[in-house]
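In: based on what follows, work out the 3D shape:
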Amino acid sequence: MGREARRQPVERVQRDNALVRYFRETRAELRKVVWPSRQEATRLSLIVVSVLVAMSAFLGAVDYLFAQLIGLVVR
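Out: Numbers count the residues shown, from 1 in each chain. Presented below is the predicted three-dimensional model:
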């Protein structure tokens, strides 16, 4: 038994834990995100707050009117 055949190093197949893979993919996706500038974020936030206030006032008025109508019907 002369020379022994040299074994080639076996590649390790590293099984990624599902949780590790999830965080790795999440990190990769977050690197692709184009974040808004401070000015754009402020402008969009003001739009959201304005619409919120307008819708709250509208729904409050509708609720008040329905409450008055129900009060008239119940009497």
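
In: SS state for residue 67?
Out: Look at residue 67: counting by DSSP: H, G, I helix; E, B strand; the rest coil, its state is helix.

In: pLDDT at it, what is it?
Out: Here, the pLDDT recorded for residue 67 equals 96.

In: what's the spacing between it and residue 74?
Out: According to Cβ to Cβ, to the nearest Å, residue 67 and residue 74 sit 11 Å apart. Bear in mind the C-beta positions are built from the backbone N, C-alpha and C, glycine included.

In: between these two, which is the more surrounded one?
Out: Neighbour count, other Cβ atoms under 10 Å: between residue 67 and residue 74, residue 67 has more, with 10 against 6.

In: ok, the more buried one to residue 61 distance?
Out: As judged by Cβ to Cβ, residue 67 and residue 61 stand 11 Å apart.

In: may I ask which helix or strand of this structure has the lowest mean pLDDT?
Out: The helix or strand of the chain with the lowest confidence, counting by mean pLDDT, DSSP states H and E, is helix 18-32 at a mean of 93.
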